[in-house]
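Visitor: Sequence first, then the predicted structure:
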Amino acid sequence: MKNKRNYYRILQVQPDAPVEIIRASYRTIMKELKCHPDLGGENSDASLINEAYNTLCDSDKRSEYDKKLKINLLDSYKKSLHSFKTNSSDKLLNQEHHRSINRIKKSEILHYSFSRFQSDREAKLLDVSPKGVRFLCSEELKQESIIRLKSRSFKAKVRVVDSQQKLLNDKVYYTAGAEFIKVTFRSSKGSFYSTSV
């Protein structure tokens, strides 16, 4: 067994599970999952399952166990929190996290180019947020490249953050995530806010 401490995990039940559920789970583990030694299971695993079952089915033992478990979990949490604080640099703590703002799914044709003098290439807009966009195109875009986007909803200058290969209908495409450098929405209503009163 992987977890020799948490009896609830050993019996695959929630901490608020009634005795009937614990009993049913115990029987399933021992018989159907063949953890009983007579069915090919290991003696040490069966012993641990029995110990968990006997503890959780006895109200006094369970109450005592729950108190110890809460103390152990709290100590473990405090240690991991302390470890995180001491091992994390200020840069890590202040770093912006990917998808910190919800995206709005939006499906429309998008055109992109690397400069004003290049012809536009077609892509499909997948979603948009106040920070950027994600779209599907036929070429891999390099990280940090600056491109211009145009759609019926907005026009923007963006920096490519990531590009990942996707296989759709046996054809290779790329999903590109980009952050806005400059953006102009064609409508003042409905993109992320409304000016209606």
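Guide: Everything's here; your move. Residues are numbered from 1 along each chain as shown.

Visitor: Show me which residues of the strand or helix carrying residue 47 are buried.
Guide: Per DSSP states H and E, residue 47 falls inside helix 43-57. For helix 43-57, a neighbour-count test (16 or more other CB atoms under 10 Å) marks 45, 46, 48, 49, 52, 53, 55, 56 as buried. (Glycine included, C-beta is placed from N, CA and C.)

Visitor: quick one: average confidence on that helix?
Guide: If you average the pLDDT over helix 43-57, you get 90.

Visitor: repeat for stretch 135-151
Guide: Mean predicted lDDT for stretch 135-151 stands at 92.

Visitor: now stretch 21-37
Guide: pLDDT averaged over stretch 21-37 gives 86.

Visitor: what does it rub up against?
Guide: Stretch 21-37 is contacted by residues 11-13, 17, 39-43, 45-46, 49, 53, 56-57 when judged by CB atoms under 8 Å, 6 or more residues apart in numbering.

Visitor: in that stretch, what's buried?
Guide: Those would be 22, 23, 25, 26, 29, 30, 35, 36, for stretch 21-37 by 16+ other CB under 10 Å.

Visitor: quick revisit: which single one of the contacts of stretch 21-37 is nearest to residue 172?
Guide: Nearest to residue 172, judged by CB to CB, of the contacts of stretch 21-37 is residue 12 at 41.9 Å.

Visitor: Distance of the residue lying closest to that closest one once chain neighbours are set aside relative to residue 145?
Guide: Leaving out its chain neighbours, the residue that sits closest to residue 12 by CB to CB, 6 or more residues apart in numbering is residue 25, at 5.5 Å. Per CB to CB, to the nearest Å, residue 25 is found 54 Å from residue 145.

Visitor: contacting residues for residue 57?
Guide: So residue 57 contacts 19, 22, 23 (CB under 8 Å, 6+ apart).

Visitor: Name the secondary structure element that contains the second one.
Guide: Element membership for residue 22 (DSSP H and E) is helix 19-27.

Visitor: What is the distance between that helix and the centre of its chain?
Guide: Chain-centre distance of helix 19-27: 31 Å, with CA atoms, centre = their mean, to the nearest Å.

Visitor: Tell me which stretches of this structure form strands.
Guide: Under the criterion DSSP state E, the chain contains strands at 104-113, 121-128, 132-137, 146-151, 154-168, 171-185.

Visitor: Report the separation between the residue of the chain positioned farthest from its centre and residue 164.
Guide: Centroid-distance maximum for the chain: residue 38 at 41.0 Å, with CA atoms, centre = their mean. With distances taken as CB to CB, residue 38 is found 51 Å from residue 164.
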